[in-house]
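Peer 1: Okay, here's the prediction I keep looking at, along with the sequence it came from:
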Amino acid sequence: MTIANVANDLNFQVIGQEMYSLIEELYPICRSITGEGFRQTLRRLQCLIPLTVHEVPSGTQVFDWTVPKEWNIRDAYVKNAVGDRVIDFRQSNLHVVNYSVPIRQRMSLAELKQHLFTLPDHPDWIPYRTSYYKETWGFCLSHRQYLELKDEEYEVCIDATLEPGHLTYGGYYVAGESSDEVLFSCHACHPSLCNDNLSGVALVIFLARHLAAGPHRYSYRFLFIPGTIGSLTWLSMNETCLSNIRHGLVVACVGDKGHPSYKKSRQGNAEIDRVFSHVLKHSDPDYEILDFSPYGYDERQYCSPGFNLPVGCFSRTPHGRFPEYHTSADDLTLVTPAALADSFSKCLAVVNVLEGNRTYVNQYPKGEPQLGRRGLYRLMGGVADSGLDEMAVLWVLNLSDGTHSVLDIAERSGCGFDSIRRAADALIECGLLK
Amino acid sequence: MTIANVANDLNFQVIGQEMYSLIEELYPICRSITGEGFRQTLRRLQCLIPLTVHEVPSGTQVFDWTVPKEWNIRDAYVKNAVGDRVIDFRQSNLHVVNYSVPIRQRMSLAELKQHLFTLPDHPDWIPYRTSYYKETWGFCLSHRQYLELKDEEYEVCIDATLEPGHLTYGGYYVAGESSDEVLFSCHACHPSLCNDNLSGVALVIFLARHLAAGPHRYSYRFLFIPGTIGSLTWLSMNETCLSNIRHGLVVACVGDKGHPSYKKSRQGNAEIDRVFSHVLKHSDPDYEILDFSPYGYDERQYCSPGFNLPVGCFSRTPHGRFPEYHTSADDLTLVTPAALADSFSKCLAVVNVLEGNRTYVNQYPKGEPQLGRRGLYRLMGGVADSGLDEMAVLWVLNLSDGTHSVLDIAERSGCGFDSIRRAADALIECGLLK
Amino acid sequence: MTIANVANDLNFQVIGQEMYSLIEELYPICRSITGEGFRQTLRRLQCLIPLTVHEVPSGTQVFDWTVPKEWNIRDAYVKNAVGDRVIDFRQSNLHVVNYSVPIRQRMSLAELKQHLFTLPDHPDWIPYRTSYYKETWGFCLSHRQYLELKDEEYEVCIDATLEPGHLTYGGYYVAGESSDEVLFSCHACHPSLCNDNLSGVALVIFLARHLAAGPHRYSYRFLFIPGTIGSLTWLSMNETCLSNIRHGLVVACVGDKGHPSYKKSRQGNAEIDRVFSHVLKHSDPDYEILDFSPYGYDERQYCSPGFNLPVGCFSRTPHGRFPEYHTSADDLTLVTPAALADSFSKCLAVVNVLEGNRTYVNQYPKGEPQLGRRGLYRLMGGVADSGLDEMAVLWVLNLSDGTHSVLDIAERSGCGFDSIRRAADALIECGLLK
């Protein structure tokens, strides 16, 4: 049973619901680039796939960077003069600037305000802020809350620790026929944000479960890492194996209602770039292909000049282009089971094309072989025929000279990959192709 | 006297009429891929050019194919209960499915209907059907006729033979200065169909007559063959000489009123592809350049991956894109002398470009040579000048560095080939170019 | 102090005025391709830059050409029957066909008319005509004047000499760090014409003055030559040094109010072609990039196939595309200080890009280096950021793999060259780039 066959049996509606349920479960956890939140998330994922959890000590050098101290938080609040929690970590973990150093202090409103962040343009939303590499503290709150703060003394408390510990990440490797690898990478370091972070985690988990089930040509690697420092750490610890990576995808923001988009790798014309473009072209009326730029998610690291891996990025609405990005509005209402299922099906289609994109050689290259007696061609001629499938057969025979892959043939003919692949399969079966 | 000069003396109107008359003569003959109809057609063509007729025995293996038995037909009809011929081969040879096995039998209407073919969308037209590689029989008729058939007993007769014999084709070779060859190929295997089949035959015959008359650089080969099996047979019998073929054209459907179209060879950027595009661009406001696809006429065989010859296909409306295609409506009213003459002139222009497309070297490449004292440049300067011819002269000098052919220069400059060639001739004459 | 810094201190308005004043001074001189007018022009320019004046004897062979006799003129007129000067060289030096042989003769109007040139479409303008290589004489006049000529006898006088002498041209070389050269060439052989001729002279003079003042990587060569024969002569006398020329520009018609245009070199994708296109794209809403053609100014010679130098041509409205071209209407009202200043600033921007277009290598190519601790990246993340400068920094790091120049990075990123260069400078400063 090939991957393509398995895919036909899938109930995408059910998978979309399951992905959404996983996101619901993970949503409340206060993740960061290190700490218990990240570990708790991986433990939940281990119920679904046999993820290996890696712990890298603080202080470890990774290229130009150093693995930071581990951050953990128990509670945080700002209390007003009468002792009410006017900002409360327990209501939303976005209220605390991620990686804030511990503090417990009384201060005036003026002093406090220097540590408050709001979004005046979206007065009901809490912004998401981090300060990984500068030791400071702060609170985020809605602009409406902010305006209600009275000029009085406040008690500020962040009950957090920032101490030597570990950076944690999860990896899962599914061996295929070949040691050539396809990499799927997602970041899992954001607290209560759904589209940016959890949608990618859910998609990669379900893809991993699916690919673990069936035989395949490529090996597949799935990474659940903190953004930037996580991919740097993984790259630094696996430098000698990177040459196995033939294709790769960073997956993020795949649960919103926008149309699918694909950002090309730095190489720009890598097979993964052509494959993803082909899949979108043949499955969606609306989609977007973006050129590589050195901003975005972990493709920045995979595509740095020292590695230049063929890794693109799959999103629906790209990061920073939806207003809810990095705010409390990136919540459970922003992502939908239908969008998640559609994103999953796109990745599966990409995997199917990668798996099937071989190069064959026509065994009867001089003139056309006689297809009629092999049942591959209508026997009674003379009528104009739309003949889509016959065209695919003729294209495969014409271009299978050892220099054109199935994808090459699909692109030049304008036929879909599946149509060309079915034609190739039929021709192999009757010995015309090898 | 060069080909170009000859062309100027031609009366294209007269040639169009002569081509049309030839089509009128050949129209009634019942041709097929083998048999007397094909031979009779070649005999008529031998009155016009000294065609060599080749006979290849049935059963001969040609690549993956076998030369089929020879088919001949004397008469065929369907008689109704009172003995009237309700379908009569003598009225149109399209009434019999081409290559029908002999039959003489009485049968009910229900039984007969399994062997009848009509075109409900065009109730007055008889379809053209063949069954070369599956032994069966059938009749084609207008849908109007079909609806009038009463539920009675019919006498069915096809007085044909399908027996070991030969496949017949005609070839004509005109030697030029060089053994490098230009191939013109047309199929002549269709019965009473004018645009698809006879228009190509007429054009290639008159081109052959014209090229036989004058000196030329290339050798020219003209093939009159049954479609598919004919080109395969010729390729199989001439495999060692194929490397002589520098350019080639399949000619078909060149008599209708549509604008000219050219379908590129599989190579896509062969000289013939560039030349035909250039000729159409500079001679027609409306024309179409089509990418290669592995469907169509004998370019399918010439462009199969084992040969990959630089052979394109010239048509006016391409096969299958005019409603009369493969029906009785592809008759003497569909083709016109004017369209035939225009198609002929296009091919002649293509031949002229091929003949003249040489690469020269500027003998004074450092700076411009002084054209004024050689009479190639206006001597009194200072006025803006549209100067088309002067521009051609300057372009030839500027690009004739040994890497640009006359066509290259025409394409980059935007000038027509003839203008560039005249400039080159003038420069050769005064020693500036070699 | 680099060229870029110097440029920021320039007052372009003042420079435009100075260029215009120089044009005013040079306007009345009767220049030709040889003779005192040309020498007088160079003497004036020597007050501004230390120009070397070269004298090449008549009869010297330059490639396919011969340096012509020297032409000088004192006076010329046509007097009517009562002795009035109806055409008077003293009123406009355009009245005499440039390079007219001496004549002093009485003749009828009919005879005279064979030597008169007018522009019926522009009845108030005097055309500009030359006859360098055919010994003849003539007068140019407005069509209005022409119509007023009565049928009487005229006295015709051209007090000129055409005798062995010299061809004169000026050159100025400013050495840079490298012997690699940038060539600026302008023709200075037209009499009272402002846009075509003097605008280019003025621009090249002020560019030379500017470049003489500061240190630079390239050496710069400035040529003030008679058109065609001048560039041929210079090329012929400097053939062994041409390989030093890395980039070049012919400058002409840079004072009119049209938008800037750049005509590419014959190579078509030389660095100068890309640089000028980039500068125009990033500084002007309206501009035009023209493909090379072998007509125009001295780029015809520099780009002849024997040299094929990377030399483009910078103009505002290209020659022959403004109605005043080669007429008395190309006078001091056609050019403006503002347009001259703008053209000057474009050339300076091109020089700055050429000077700064180096290729660097990222010293931390594996992943991104940590920019935050080097002050090159905002430290508190989490907010979408328009971040233009940060983008430039990231692009430089991502593409600086030794195969992309600063211009390559600017083009691929869509950022302006200056923005990329500033980013590169900052990265060099902190050791990330070499």
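Peer 2: Looks like it came in fine. Numbers count the residues shown, from 1 in each chain, chains lettered A, B, ... in the order given.
Peer 1: From here on, just use CA atoms for contacts and neighbour counts.
Peer 2: Noted.
Peer 1: any idea how far chain C is from residue A:408?
Peer 2: 26 Å (C-alpha to the nearest C-alpha, to the nearest Å).
Peer 1: Give me the neighbour count for that residue.
Peer 2: Using other C-alpha atoms under 10 Å in any protein chain shown, residue A:408 has 21 other residues around it.
Peer 1: Now it: which helix or strand?
Peer 2: Residue A:408 is part of helix A:406-413, with elements assigned from DSSP states H and E.
Peer 1: which residues in the stretch 201-350 of chain A form helices?
Peer 2: A:229-237, A:271-283, A:299-302, A:337-356 (DSSP state H, counting those that start in this stretch).
Peer 1: after the helix holding residue A:408, next one along is what?
Peer 2: Following helix A:406-413 in sequence, per DSSP H and E, is helix A:417-429.
Peer 1: Pull out the buried positions in that next one.
Peer 2: Of all the residues in helix A:417-429, those buried under the rule 16 or more other C-alpha atoms under 10 Å in any protein chain shown are A:417-421, A:423-424, A:427-428.
Peer 1: quick one: is it near chain B?
Peer 2: No: judged by C-alpha under 8 Å from any C-alpha of the partner chain, helix A:417-429 stays clear of chain B, getting no closer than 13.6 Å.
Peer 1: Now do that helix: which elements does it pack against?
Peer 2: helix A:337-356, helix A:388-399, helix A:406-413 (3 or more C-alpha pairs under 8 Å, 6 or more residues apart in numbering or on different chains; DSSP states H and E).
Peer 1: what angle sits between the shortest one and helix A:417-429?
Peer 2: Same thing as helix A:406-413. Computed by axes from the mean of the first three to the mean of the last three C-alpha atoms, to 10 degrees, the angle separating helix A:406-413 from helix A:417-429 equals 120 degrees.
Peer 1: what's next to helix A:406-413, contact-wise?
Peer 2: A:275, A:278, A:353, A:356-360, A:392, A:395-396, A:399, A:416-417, A:420-421, B:293 (C-alpha atoms under 8 Å, 6 or more residues apart in numbering or on different chains).
Peer 1: which among these end up buried?
Peer 2: Burial by neighbour count, judged by 16+ other C-alpha under 10 Å, picks out A:275, A:278, A:353, A:356-357, A:359-360, A:392, A:395-396, A:399, A:416-417, A:420-421, B:293 from the contacts of helix A:406-413.
Peer 1: which one of those residues sits closest to chain C?
Peer 2: residue A:275 (22.6 Å; C-alpha to the nearest C-alpha).
Peer 1: per-residue pLDDT, the closest one?
Peer 2: Looking at residue A:275, its pLDDT is 98.
Peer 1: repeat for the one 4 residues further on
Peer 2: Listed pLDDT for residue A:279 reads 97.
Peer 1: got the contact list for it?
Peer 2: Counted by C-alpha under 8 Å, 6+ apart, residue A:279 has contacts A:346, A:349-350.
Peer 1: Could you save the buried residues of helix A:417-429 as CSV and add columns showing pLDDT?
Peer 2: Putting the buried residues of helix A:417-429 into CSV (pLDDT from 0 to 100) gives the following:
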residue, pLDDT
A:417, 95
A:418, 93
A:419, 92
A:420, 94
A:421, 93
A:423, 93
A:424, 94
A:427, 93
A:428, 94
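Peer 1: Pick out the shakiest of the helices and strands packed on helix A:417-429, pLDDT-wise.
Peer 2: helix A:388-399 (a mean of 88).
Peer 1: does any part of it sit near chain B?
Peer 2: Yes: applying C-alpha under 8 Å from any C-alpha, one finds helix A:388-399 touching chain B at A:391, A:394-395, A:397-399.
Peer 1: Which other helices and strands does that helix contact?
Peer 2: By 3+ C-alpha pairs under 8 Å, 6+ apart, helix A:388-399 packs against helix A:406-413, helix A:417-429.
Peer 1: Can I get the ones you listed in JSON lines including distance to residue B:308?
Peer 2: Shown next, in JSON lines, are these (distance: least, C-alpha to C-alpha, whole Å):
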{"stretch": "helix A:406-413", "distance to residue B:308": "16"}
{"stretch": "helix A:417-429", "distance to residue B:308": "20"}
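Peer 1: Which stretch among the helices of the stretch 201-350 of chain A is buried most, on average?
Peer 2: Stretch with highest mean neighbour count among the helices of the stretch 201-350 of chain A: helix A:299-302 (a mean of 28; mean count of other C-alpha atoms under 10 Å in any protein chain shown).
Peer 1: how about that helix, does it get close to chain C?
Peer 2: Yes: remark: helix A:299-302 sits within contact range of chain C at A:300-302, by C-alpha under 8 Å from any C-alpha.
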